[in-house]
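J.: fold the following and give me the result.
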Amino acid sequence: MFGFGFLEMPRPFNTQYRCYSVSMLPGQERLDVEKGGKIIMPPSALDQLTRLNIVYPMLFKLTNPRAGQITHCGVLEFVADEGKIYLPYWMMQNLLLDEGDLLNIESASLPVATFSKFQPQSEDFLDISNPKAVLENALRNFACLTSGDVVAITYNEKIYELRVLETKPGNAVSIIECDMNVEFAPPVGYSEPTKVSKESQEEHMDTLDPTSFMPEVQGFIAFAGEGVRLDGKIRKVKNEEPPPIFKASYQRGVPDFDYQFGNLKFIRAVKKEDEKEKETLESTFEAFSGAGQSLRQTKFIN
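T.: Next up, the predicted model:
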């Protein structure tokens, strides 16, 4: 006699709850829920899921009956009040939900992800040195991804939003224990920098005046004044020319734009006279104070 047994097929879990954001959860602040893609459900849901032989990991399809928005998520804990569930704020934004709205929850079985493509919603995401590593670390708190969702990740106390543009092999995939390839699309509002050709750069450099980069000369400039007549009259000039602009021959920190290849200039700083030595020289010097000598020998008369 052979006995035949029949495996009990899992029955779907489908019910409605009042949804609230994680900030409304009584007790301590749950940042771990806000930074991921999992929800908190009541204990009665766990009892019902156990009796229905739900396939693990537990994944759910969330539907807003009023707006028709759909997303998918996992479950973190079963500690919510009866008849209520708590969602991350970014998930409530995707579903167009307000505090206390009704939400349909249905058990789901999703394929394992092999590919996903994200689009940052801000150019600030380009400041991250290794975005794939940051995203991989953030997705550890997620159970699944849905195409079209805008997920929020936190890095260095700053929130970055990324839109899920594409997922394979389906529009909703499970990312638990999977090997997934990730690509990034250009951020919203980002434009590629224009490349300047070498010819246009050379033309631009030819039009520049090297002397215009030199700073203004400070201090005394020889022959830079203006002439004045003794009788006070103004000199009349038919073709009045602008006064010449004097440039310093050399200034520290300014390159020599007239440099010719093969010439070397050794510029040495002029040694300033010590004020103390100058004062001692002036104090000891006396004019016509030397001792005179005669070529003839003086005769002494006795």
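J.: residue nearest the centroid of the protein?
T.: residue 127 (3.1 Å; CA atoms, centre = their mean).
J.: for residue 75, see how far away that one is.
T.: With distances taken as CB to CB, to the nearest Å, residue 127 is found 34 Å from residue 75. Every C-beta, even on glycine, is put in place using the N, C-alpha and C of the backbone.
J.: spit out the contact partners of the residue lying closest to residue 69 once chain neighbours are set aside.
T.: Using CB to CB, 6 or more residues apart in numbering and skipping residues adjacent in sequence, the residue nearest residue 69 is residue 95, 4.5 Å away. Residue 95 sits next to 62, 64, 67, 69, 70, 71, 87, 103 when contact means CB atoms under 8 Å, 6 or more residues apart in numbering.
J.: next one: residue 120
T.: By CB under 8 Å, 6+ apart, the contact list for residue 120 reads 126, 160, 161, 162, 184, 185, 187, 188.
J.: send the alpha carbons of the helix or strand harbouring the third one over as CSV?
T.: Residue 161 is part of strand 158-168 when elements are defined by DSSP states H and E. Below are the C-alpha coordinates for strand 158-168, written out as CSV (Å, rounded to 0.1, in the frame of the first residue of the first chain):
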residue,chain,number,x,y,z
LYS,A,158,22.4,63.8,4.0
ILE,A,159,19.4,62.3,2.2
TYR,A,160,19.8,61.5,-1.5
GLU,A,161,16.8,60.5,-3.7
LEU,A,162,17.2,58.0,-6.6
ARG,A,163,14.5,57.0,-9.1
VAL,A,164,14.4,53.3,-10.1
LEU,A,165,14.4,53.5,-13.8
GLU,A,166,14.6,49.9,-14.7
THR,A,167,14.8,46.5,-13.0
LYS,A,168,15.3,43.0,-14.5
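J.: list the buried residues in it.
T.: Neighbour counts over strand 158-168 (16 or more other CB atoms under 10 Å) mark 160, 161, 162, 163, 164, 167 as buried.
J.: closest one of those to residue 107?
T.: The closest of these to residue 107 turns out to be residue 167 (CB to CB; 19.6 Å).
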